[in-house]
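> Here is my input, please return the structure:
(2 chains)
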Amino acid sequence: KNQVEQSPQSLIILEGKNCTLQCNYTVSPFSNLRWYKQDTGRGPVSLTIMTFSENTKSNGRYTATLDADTKQSSLHITASQLSDSASYICVVTAYNNNDMRFGAGTRLTVKP
Amino acid sequence: GAVVSQHPSWVICKSGTSVKIECRSLDFQATTMFWYRQFPKQSLMLMATSNEGSKATYEQGVEKDKFLINHASLTLSTLTVTSAHPEDSSFYICSARDIGGGDYEQYFGPGTRLTVT
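Here you go, the predicted structure:
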């Protein structure tokens, strides 16, 4: 069983709307959680990285939250743009920083 | 920001031939690099961890004699797919860990699309 579960699998929204992607994990002991954006046919690009003590982190229109107690994270995208269409991958790293667990990703499509 | 390059970005080869993919960290040193493969609409699957100057560590189910990894310097790792078969067709992505910044940030390359005919 994957230790990082993402939902929804896919999402379609209209340009300008907001959306929230979810990530639940069971990786333990926890070191950090990252959100990556992966355009089709490209490598993942880091959006945010959060450690145990961080509850929220923003990167432009992207805001990630982390609840280490419930082992949940979310990625909120504000005022979506067509270029936001991509897969968003949640990656959780174990404490020794060598074991990264990848979620299956959420495929976001932004339509005009 | 840190940049990781891959070469080639795409390659088509015939069954039975070998193909080499290069992964370079352009502006930082990486003692550890990782190789992933990704099938359509699936997430990245770690194939092996490559440490500079030592043998790579392969994940369970990955044939080390088929996927040869060499990490000869702090900025270069190569993945050679030997005796390629059509089922090896996939998107191969490398990443490099930047130890200089102290936060062990990991940067991904743009990927290499391999098609075996």
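> tell me the mean pLDDT for stretch A:78-89?
Stretch A:78-89 shows an average pLDDT of 97 in the prediction.
> Now that stretch: buried residues?
Neighbour-count burial for stretch A:78-89, counted by 16 or more other CB atoms under 10 Å in any protein chain shown, picks out A:80, A:84-89. Just so you know, the C-beta spots here come from the backbone N, C-alpha and C atoms, and that holds for glycine as well.
> Which ones, among these, also lie beside chain B?
Filtering the buried residues of stretch A:78-89 for neighbours of chain B using CB under 8 Å from any CB of the partner chain leaves residue A:89.
> which one among the buried residues of stretch A:78-89 gets closest to residue A:31?
residue A:89 (16.9 Å; CB to CB).
> ok, residue 52 - contacts?
Using chain A. Shown here is residue A:52, whose contacts under the criterion CB atoms under 8 Å, 6 or more residues apart in numbering or on different chains are A:30-32, A:68.
> that's the wrong chain, I wanted chain B
By CB under 8 Å, 6+ apart, residue B:52 lies in contact with B:30-32, B:71-74.
> Need those residues in CSV (columns: distance to chain A).
Supplementary listing: the contacts of residue B:52 in CSV, determined by distance: CB to the nearest CB, whole Å:
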residue, distance to chain A
B:30, 14
B:31, 12
B:32, 8
B:71, 16
B:72, 21
B:73, 21
B:74, 18
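> Any of these buried? List them.
Buried positions within these, assessed by neighbour count (16+ other CB under 10 Å), are B:30, B:32, B:71, B:74.
> Okay, and the beta partners of residue A:100?
With DSSP bridges applied, the residues forming beta bridges to residue A:100 are residue A:93.
> In this model residue A:90 seems to touch it, though I could be wrong.
No: Residue A:100 lies out of contact with residue A:90 (CB atoms under 8 Å); the separation is 10.8 Å.
> quick one: which of these two has more around it?
Shown here are residue A:100 and residue A:90; by other CB atoms under 10 Å in any protein chain shown, residue A:90 has more neighbours (27 against 20).
> roughly how far apart are the more buried one and chain B?
Computed with CB to the nearest CB, to the nearest Å, the distance linking residue A:90 and chain B is 9 Å.
> Isn't that residue up against residue A:37?
No: no contact is recorded between residue A:90 and residue A:37 when judged using CB under 8 Å, the distance being 11.2 Å.
> on that earlier part again, make a ChimeraX selection of the buried ones in the contacts of residue A:52.
Selection of the buried residues among the contacts of residue A:52 in ChimeraX, burial being defined by 16+ other CB under 10 Å:
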select /A:30,31,32,68
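> Now intersect the contacts of residue A:52 with the strands, please.
Where the contacts of residue A:52 overlap with strands, as defined by DSSP state E, the overlap consists of A:30-32.
> so how far is the helix or strand of chain A with the lowest mean pLDDT off the chain centroid?
Across the helices and strands of chain A, mean pLDDT, DSSP states H and E gives its lowest value to strand A:100-102, namely a mean of 89. Centroid separation between strand A:100-102 and its chain, computed with CA atoms, centre = their mean, to the nearest Å, is 12 Å.
> Averaged pLDDT, stretch B:64-75. What do you get?
pLDDT averaged over stretch B:64-75 equals 91, rounded to a whole number.
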